[in-house]
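*Asks:* 3D, please:
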Amino acid sequence: MVFSNYYKGVLSSQGVPHLNVEQHRRLLNILALEQELKTITGLKEKIKSSDDLYKLYVKGNRLEKQLKDLYQTSSPKEILFDMIEKSKN
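*Replies:* Down below sits the predicted model:
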């Protein structure tokens, strides 16, 4: 939820950034994947069945890989800056 929390602060202080359709899609994918990963992490603590727990770990690893592909850079500030720059072109 690192990017989600950063983006929430940006919205409060600077308003909505101007993004093209591709970067807006990237933004929404990051926000959705972070939320889904947070949900899976919470479920891992409550699940007792080893089969279900394994499924959650596999899904969690897949989500983390997708997020890594979307991040492309290391910090939330750099991600948003990259999105804004790509939207200008």
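*Asks:* Just the pLDDT for S4.
*Replies:* With respect to pLDDT, S4 scores 91.
*Asks:* wait, isn't it in contact with Q35?
*Replies:* Yes. The criterion here is C-beta atoms under 8 Å, and S4 meets it with Q35 at 7.1 Å. Heads up, the C-betas are built off the backbone N, CA and C, glycines and all.
*Asks:* When the two are compared, which one has more neighbours?
*Replies:* Between S4 and Q35, S4 has the larger neighbour count (other C-beta atoms under 10 Å), namely 16 against 12.
*Asks:* Tell me how far that one lies from L28.
*Replies:* 11 Å (C-beta to C-beta, to the nearest Å).
*Asks:* Sketch out the helices for this structure, chain order is fine.
*Replies:* 2-14, 21-46, 50-71, 76-88 (DSSP state H).
*Asks:* by how many degrees do the third one and helix 21-46 diverge?
*Replies:* When axes from the mean of the first three to the mean of the last three C-alpha atoms, to 10 degrees is applied, the directions of helix 50-71 and helix 21-46 differ by 150 degrees.
*Asks:* helices or strands up against helix 50-71?
*Replies:* helix 21-46 (3 or more C-beta pairs under 8 Å, 6 or more residues apart in numbering; DSSP states H and E).
*Asks:* buried set for the helix it packs on?
*Replies:* For helix 21-46, burial by neighbour count (16 or more other C-beta atoms under 10 Å) applies to Q23, R26, L27, I30, L33, E34, L37, I40.
*Asks:* Let me know the closest of those residues to V16.
*Replies:* L27 (10.4 Å; C-beta to C-beta).
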